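J.: return atomic coordinates for the entry below.
(one chain, ligands or ions: 1)
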Amino acid sequence: MPGVAWRWFNARHWNRFQFDLHDPPVPDRRLAMPPSIPALQIPADAPIARPEFLYGVATASYQIEGAIHEDERLPSIWDSFSATPGKVLNGDTGDGACDHYHRWESDVDLIANLSVDGYRLSIAWPRVMDERGRPNARGLDFYKRLLARLKLKGLQTFVTLYHWDLPQHLQDRGGWLNRETAYRFADFADLMSRELTGSVDAWATLNEPWCSAFLGHGNGHHAPGLSSLRYGTQSMHHLLLAHGLALPALRANDPASKKGIVANVGAFTPATDSAADIDAAHLGHTQHNHWVLDPLFKGRYPADLFRLWPGTEPLVLDGDMATIAQPIDFLGINYYFRTMVRADGKGAFVEAPPADVERTQMGWEVYPQGLRDLLISFKARYANLAPIYITENGMASDDRVVDGAVADPQRIRFLERHLLAVNEAMAAGVDVRGYFAWSLMDNFEWAFGYERRFGIVHVDYATQVRTPKHSAHALKAFLQARRTR
Ligand code: FCB
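T.: As a prediction, this is how the structure comes out:
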C-alpha cells in the first residue's frame, strides 16, 4: 500500500511524524522500542555520542517529593507561596506532587531503566535541618537511602543543595535579603557534605540564582513573592555569597566530588539591526546571563546592569567578590528559549515576540541555536570558564496517555535539536561534559502547578502511575545503541 510505504520512508529517514501500529517493524530489535516512535537522529561519531559524554535526567525536591509534613520537615517558602491564593495556577501546591518521598525506590529503578548515566536531584533544606541548625536524622536518611540506591544502580549523582525551597523560618528573618542567610547556607552545605560524602559525584550549590533573585524578589512571580529591583540585586548578592561561602566546606568534607553552580541562561536577539535594538539585546544578556556569570568568572557585577537598573547597586562588603569568584569544577547551564527584544526608548528593553515560530506549551520559542551561540559566547567572554554540563533542557507539552502510551513527537525533536546544538558548540571548542533532560517526570512546575508537563515520563497525579513517553523510549534506544557500539 503506497500510504504505508511513504510513512515508512519518513520513519526511517526523517523521523518527524507519528505512526500507527500498522507500520512495518523496526528490524533492529536491540532498540526494544515500538516502531512507531521516532528515533533521536544523532550521528554515531558526534562528540555527544561518545561514551564519556554523560546523559542524565533531572528533578528538584519540591517539585516531586510531596510529603511536606512528614518526618519533621519544616515549612518552606514554596509551601507558603503556593498556599497564597492567586500565586500558583489552579491553586496547586507541592503537597502530594509525584509522591517521590514514598516511591523513591521504584523511581530509581525507572531512572536506571532509561539507560542514562546520571541523575540530578536536589535536597530539601527544610527536611534535613531544624531551626537551630541541628540535623534531622529522618530527613537525612531519606537522601542517604536514595543516593545509596542510585549508586547501586551505577548512576552518577549530581546533587543541588538549593533548588528554591528555603526554610520559611529563614524567610521570616529576611531570607535572601538578610546576609545571615548566606552563612546559614554554608552551615547547611557543611552538614550535607559531611553526611553524604562519598555518595555524591557533583555538588551544585544553587540552582538558577537568577530565578531566586529576579522572579522571587524582583517581579514577585516566585516565592517569596517580593517585587523590587533593589531587592533583586541584593538577594542575588547574598545568593552568590552563599555559593562562595559553601565551597570551602564542600571541598574539605568531600574532596573527591566536583563542585559547581547551576545558572539558567537565555538567548536574546534584537528585533531589528538598529543600534538601539542591538543594545536592547545586549542589555537582555546583561540582565539574564552576565548578572550571574560575571561575578562568578570575573569577580564583578556588569556595569551595564546598573545602566539598565540605575540605583540598584547591592551592598557588597570587602572580600565578597573574591569569595564569589573562587574556582569551580563545573558550571551547570540550564537553557530553554530565546527572547527577541527591542529598545523601549527609555533605556530598557521590551519583548518583541517573533510571529510564526515553533513554541511549546509554555509559550517558549524553540530555538536550539541559542544554546550553541550562548555556549560559544561564554567561552569567548570568560577565559577561566569551567567545564560545562547542561543541567537542564526540555519542554512542556500537553501530554496524554492514549492506549497506555504517550506520543510526544515535539519533545523528541526538541531534545535532538538541542543535543545537536551542544554538539556544534563542542565542535567549536566549548568543553561540555554532559546533558540532563528536564525532567525525569512531570512535576510541580512552580507558578504553573501541575498543568505544564515537562517529563519524559508521564505522571497521572490521581494514581501516581508513571508512563514513559515516547521521548523516554527514544532516549533509551539512543543510549543503548551507544553502549553496544
Ligand atoms: C527551571 C527550573 C526547573 C524547572 C524548569 C522548567 O527554571 O530550574 O525547576 O521548573 O525551569
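
J.: how about stretch 390-398: buried residues?
T.: Neighbour-count burial for stretch 390-398, with 16 or more other C-beta atoms under 10 Å as criterion, is recorded at Ile390, Thr391, Glu392, Asn393, Gly394, Met395, Ala396, Ser397. Yep, even glycine has a C-beta here, placed from its N, CA and C like the rest.

J.: can I get those in a markdown table including distance to Asp344, pLDDT and secondary structure?
T.: Supplementary listing: the buried residues of stretch 390-398 in a markdown table, determined by distance: C-beta to C-beta, whole Å; pLDDT from 0 to 100; DSSP: H, G, I helix; E, B strand; the rest coil:
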| residue | distance to Asp344 | pLDDT | secondary structure |
| --- | --- | --- | --- |
| Ile390 | 32 | 99 | strand |
| Thr391 | 32 | 99 | strand |
| Glu392 | 30 | 99 | strand |
| Asn393 | 30 | 99 | coil |
| Gly394 | 31 | 98 | coil |
| Met395 | 29 | 98 | coil |
| Ala396 | 29 | 98 | coil |
| Ser397 | 32 | 98 | coil |
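
J.: of those residues, closest to the ligand?
T.: Closest approach between the buried residues of stretch 390-398 and the ligand, by C-beta to the nearest ligand atom: Glu392, at 5.6 Å.

J.: how about Gln234: what's its closest non-neighbour residue?
T.: In this structure, Gln234 finds its nearest non-sequential neighbour in Pro314, 4.5 Å apart by C-beta to C-beta, 6 or more residues apart in numbering.

J.: you'd agree Asn264 is in a helix?
T.: No. With DSSP: H, G, I helix; E, B strand; the rest coil as the criterion, Asn264 is assigned strand and is not in a helix.

J.: give the contact list for it.
T.: Applying C-beta atoms under 8 Å, 6 or more residues apart in numbering, one finds that Asn264 lies in contact with Glu208, Trp210, Cys211, His288, Ile333, Asn334, Tyr335, Tyr336, Glu392.

J.: isn't the first one right up against Ala263?
T.: Yes. Using C-beta atoms under 8 Å, Glu208 and Ala263 qualify as a contacting pair, with a distance of 6.5 Å.

J.: overlap in contacts, those two.
T.: By the contact definition C-beta under 8 Å, 6+ apart, Glu208 and Ala263 are jointly contacted by Asn334.

J.: end-to-end on stretch 290-305?
T.: Using C-alpha to C-alpha, to the nearest Å, the span of stretch 290-305 from its first residue to its last is 9 Å.

J.: give me the buried positions along that stretch.
T.: Residues 290-298, 301-302, 304-305 are the ones in stretch 290-305 that count as buried (16+ other C-beta under 10 Å).

J.: overlap between these and the residues near the ligand?
T.: Taking C-beta under 6 Å from any ligand atom, there is no overlap between those and the neighbourhood of the ligand.

J.: now distance to Gly225 and pLDDT too, for the residues you listed, in JSON lines please.
T.: Output for the buried residues of stretch 290-305, formatted as JSON lines (distance: C-beta to C-beta, whole Å; pLDDT from 0 to 100):
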{"residue": "His290", "distance to Gly225": "26", "pLDDT": "98"}
{"residue": "Trp291", "distance to Gly225": "20", "pLDDT": "98"}
{"residue": "Val292", "distance to Gly225": "21", "pLDDT": "99"}
{"residue": "Leu293", "distance to Gly225": "26", "pLDDT": "99"}
{"residue": "Asp294", "distance to Gly225": "27", "pLDDT": "99"}
{"residue": "Pro295", "distance to Gly225": "25", "pLDDT": "99"}
{"residue": "Leu296", "distance to Gly225": "26", "pLDDT": "99"}
{"residue": "Phe297", "distance to Gly225": "31", "pLDDT": "99"}
{"residue": "Lys298", "distance to Gly225": "31", "pLDDT": "98"}
{"residue": "Tyr301", "distance to Gly225": "24", "pLDDT": "98"}
{"residue": "Pro302", "distance to Gly225": "26", "pLDDT": "98"}
{"residue": "Asp304", "distance to Gly225": "28", "pLDDT": "98"}
{"residue": "Leu305", "distance to Gly225": "23", "pLDDT": "98"}
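
J.: need these in TSV (columns: secondary structure).
T.: As requested, the buried residues of stretch 290-305 are exported to TSV (three-state DSSP):
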residue	secondary structure
His290	helix
Trp291	helix
Val292	helix
Leu293	helix
Asp294	helix
Pro295	helix
Leu296	helix
Phe297	helix
Lys298	helix
Tyr301	coil
Pro302	coil
Asp304	helix
Leu305	helix
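
J.: secondary structure element for Thr467?
T.: Secondary structure from DSSP states H and E places Thr467 in strand 465-468.

J.: okay, stretch 336-349 in CSV with CA atoms only?
T.: Included here for stretch 336-349 are C-alpha records, laid out as CSV according to Å, rounded to 0.1, in the frame of the first residue of the first chain:
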residue,chain,number,x,y,z
TYR,A,336,15.1,26.8,27.4
PHE,A,337,14.3,29.5,24.9
ARG,A,338,15.1,32.8,23.2
THR,A,339,13.6,36.3,23.8
MET,A,340,13.6,38.7,20.9
VAL,A,341,13.7,42.3,22.1
ARG,A,342,13.7,45.9,21.0
ALA,A,343,14.6,49.1,22.7
ASP,A,344,11.8,50.7,24.6
GLY,A,345,13.1,54.3,24.0
LYS,A,346,13.7,54.7,27.8
GLY,A,347,17.0,52.9,28.2
ALA,A,348,15.5,49.5,28.7
PHE,A,349,14.2,46.6,26.5
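
J.: other residues contacting it?
T.: Contacts of stretch 336-349 with the rest of the structure, by C-beta under 8 Å, 6+ apart, involve 264, 266-272, 274, 276-277, 279-281, 283-284, 307-308, 350-354, 360, 362, 364-367, 370, 392-395.

J.: keep only those that also lie close to the ligand.
T.: For the ligand, the contacts drawn from these by C-beta under 6 Å from any ligand atom are Asn264, Glu392.
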